[in-house]
Each structure stands twice: as C-alpha cells, then as structure tokens.
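*Asks:* build the 3D model from these lines:
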Amino acid sequence: MHSLWTSEARPIRVRNRPRHYEKGAIMNLMRAVLTAAASLWIAAPVMGDNELPKAVELWQGDVPDEEPGVIGPEKVVMSPALDRKQVEVTVSTRMLTNVTRPSITICRPPKEKETGAAMIICPGGGYWNLYWELEGEEVATWLNSLGVTGIILKYRVPRRPGEIKTEPARRPLQDAQRAVSLVRSRAAEWGIDPQRIGMIGFSAGGHLAIATATKFEERSYEPKDDIDKVSCRPDFAVLAYSGYLKPKDKDELSAGLSIPKGTPPVFLVHGSDDLISPPEHSVFMYVALKRAGIPAELHIYAKTSHDFGVRSTEDRPYSVWPQTCAQWLRQQGFLKMK
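*Replies:* Residues are numbered from 1 along each chain as shown. So this is what the prediction gives:
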C-alpha cells in the first residue's frame, strides 16, 4: 500500500526558555502537525461492513511510461480559495499531487444497502492535481448512500515534462483503463457485479471518464498481465462540468475523441456560468452521443459555475443534480439490487 504520509517534520530543539518558546519553532511545529493530520485523514477510506484493503495499487512492478525521480514525493496540498464567479465551493479543500504510484481506494456501502453496482471516481484538477476531498471522498460517501461501491482513482498527476498544457495528459488514461480491468477482474471477490461498473468524473476527471468509455477497443499501454485481458470498457459514465471535450474556437469534439459503437450510456451535468469549462463542452458531447445513437442525458443549471461536486445546498440551482443522477441510474437499471 502506498503511503500518503507527507510530513517532513523534524524534532524542534528549544533552548532553555522556561516561560516561552521561540515563535518560529512553534509555527513550524503547528505546520508539521497539521500536515501530518491531513495526510492521515486523506489516507483513511470510507469503510463498509465488509472491510477491504485501504488501497490497491494498479501496477505491480514498473508503472508504464514512469521515470523515477522526475517529480517530487506525493503530497497533500490545499486548493486555492476562489470566488463564486469561478467555483461553487469557494473554501479550500484537500488535494493530492505528485502521484507516481497510482491506486484505487475502495469505499463499500453498508451491507444492507449494497446493490452490486460500483463506480470508479475520477477527481478533477486540470491533470495537475486531484481534488481528493471534494471530488473523491465526498463522492464516495454519496455513492455509498445509494448502495454503490465508490472506488476513488488516484491517477498520475501532475503533467510530466514535455506534455502540452492545453491538452489532456497521456498517462491518466493508462491508469483509468487499468483500473476498470482490475475492478472487473476482482468483482466476485469484492461483491461487485462485473456488468455494472461505471465511472464518474469531474472537470478534467470527466474528460478522463469519457475517454475511458470511448477508447475501450485499444489499450493506451502495452498489456502487462492477465488483468489486461479483462475488458476496460465501463458500463456507464457520469460527467460533471467536464473540460477538454471541445476545442476553444471550434464547435466540435476535441481531436482524439470519437464515439464508437458500443459506447456506454452517459449522463452529463454542467453549470451555465462555468468560466473554467464552459457548458458547450457538455453540449457538444451530448450532441455527438445522440448522433451516434448512444443513450445520453444532459442537465445544465442556471447561475452555476465550476466545482460543485455533490455538495447539497438549499439556495443553489445545481443542488438537485445528485438526486437527478440517481434517478437516471435507476432508470438505466444500474441500481437494481443483487
């Protein structure tokens, strides 16, 4: 299991000062304690009645196209605090970055609620970071409430040297394809229906989810073992305020995206006032899906910006989308009991 402990704290030596300590030493100690606490918190999964491993690495041995030492050690960082025009959740939340050993964290629902369905969760972050708290852990908790096993995908970030900043990174698709095959290969062991394994992605993670759902005919890496003989096609996909689905100045799908026969059903949700990933990204994906005859449903919420996750709020239009998505999952037959 890959450790998420990121503290580099060292013991602080305090000279003989019986009534007070040096201010700098106290501040360093507080930072070290807070960093360590955040690391431990993020490492703890949402566990159900049937306890599973905290995390399962995707690759045994070498990770494809990964050069050791190119980026620093994995760490927890806080997202920037932005205003409502940019994002819906304006407070800072925990993120992961510098991921070199991708893994999945399995979050089981209570046994009495289990439906057998599972969803691989792809947090967003522009392929630079992973919004682990807002678009990972909180999503797993919501899925558990529906009786769905939430599986948080820790894919490789940030972009590696030489990758074009305005285009999707290459390695995360390798991790996502591997994750689908790994979950399906161990479905019986983990109490999952191998024909009800979906994906849900947010922002850049939405692009990763649809890329996985449409590029199932060919691996993006050289197959390594028997796991790669198992299908990497998800059975459905949910895309939330996705980016990278259309070029900036063209009304068409982005290069590298197409809708082949066999693409699974897709649910899309977006905010009408999204400045980071404008709603046209979801609109043109929806049109492409419909033209290809793929079942799809699109919801665009007025006066809504980016990064709303699955948080509930009474005064924002987007707050009903998790219930709408759950209804879609039921109508598609993915939430039936085992």
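*Asks:* all the strands of the stretch 201-338 of the chain, residue numbers only.
*Replies:* Using DSSP state E, counting those that start in this stretch, the strands found in the stretch 201-338 of the chain span residues 237-240, 266-271, 296-301.
*Asks:* the second one - what's its average pLDDT?
*Replies:* Computed over strand 266-271, the mean pLDDT rounds to 98.
*Asks:* could you give the angle of it to strand 296-301?
*Replies:* 10 degrees (axes from the mean of the first three to the mean of the last three CA atoms, to 10 degrees).
*Asks:* starting from strand 266-271, tell me which strands it pairs with and how they run.
*Replies:* strand 237-240 (parallel), strand 296-301 (parallel) (DSSP bridges).
*Asks:* then the longest one to PDB, C-alphas only?
*Replies:* Spelled out, that is strand 296-301. The C-alpha coordinates for strand 296-301 follow below in PDB (Å, rounded to 0.1, in the frame of the first residue of the first chain):
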ATOM      1  CA  ALA A 296     -27.400  10.200 -23.100                       C
ATOM      2  CA  GLU A 297     -29.000  12.800 -20.700                       C
ATOM      3  CA  LEU A 298     -27.800  16.400 -20.200                       C
ATOM      4  CA  HIS A 299     -28.600  18.800 -17.400                       C
ATOM      5  CA  ILE A 300     -27.300  22.500 -17.400                       C
ATOM      6  CA  TYR A 301     -28.100  24.500 -14.300                       C
END
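*Asks:* gap between it and the chain center?
*Replies:* Using CA atoms, centre = their mean, to the nearest Å, the mean C-alpha position of strand 296-301 is found 20 Å from that of the whole chain.
*Asks:* just the terminal-to-terminal distance for stretch 209-218.
*Replies:* In stretch 209-218, first residue to last residue: 15 Å (CA to CA, to the nearest Å).
*Asks:* on that earlier part again, rebuild the strands paired with strand 266-271 as TSV, extending it with distance to His207.
*Replies:* Quick note: C-beta positions are derived from backbone N, CA and C, even for glycine. TSV is the format used below for these (distance: least, CB to CB, whole Å):
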stretch	distance to His207
strand 237-240	8
strand 296-301	16
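*Asks:* most packed of the ones you listed?
*Replies:* strand 237-240 (a mean of 29; mean count of other CB atoms under 10 Å).
*Asks:* that strand: how far from the chain's middle?
*Replies:* 11 Å.
*Asks:* mean confidence (pLDDT) on it, please.
*Replies:* 98.
*Asks:* other residues contacting it?
*Replies:* By CB atoms under 8 Å, 6 or more residues apart in numbering, the residues outside strand 237-240 that reach it are 119, 198-203, 206, 209-210, 212-213, 264-270, 282, 285, 308-309, 321, 325.
*Asks:* out of the strands paired with strand 266-271, nearest to Leu275?
*Replies:* strand 296-301 (14.5 Å; CB to CB).
*Asks:* what sits up against the closest one?
*Replies:* Counting by CB under 8 Å, 6+ apart, 265-272, 279, 282-283, 286, 289-290, 317-318, 321, 324, 328 sit against strand 296-301.
*Asks:* which PyMOL command selects the buried ones in these?
*Replies:* To isolate the buried members of the contacts of strand 296-301 in PyMOL, using 16 or more other CB atoms under 10 Å:
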select buried, resi 265+266+267+268+269+270+271+279+282+283+286+289+318+321+328
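*Asks:* indicate which one of the strands of the stretch 201-338 of the chain is closest to Arg170.
*Replies:* Of all these, strand 237-240 comes closest under CB to CB, at 19.7 Å.
*Asks:* what residues are up against Lys290?
*Replies:* Lys290 sits in contact with Ala296, where contact means CB under 8 Å, 6+ apart.
*Asks:* in space, what's closest to Asp251 - neighbours in sequence excluded?
*Replies:* Nearest residue to Asp251, sequence neighbours excluded (CB to CB, 6 or more residues apart in numbering): Phe284, at 6.5 Å.
*Asks:* and what of Met78?
*Replies:* Ser92 (4.3 Å).
*Asks:* alright, calling it a day.
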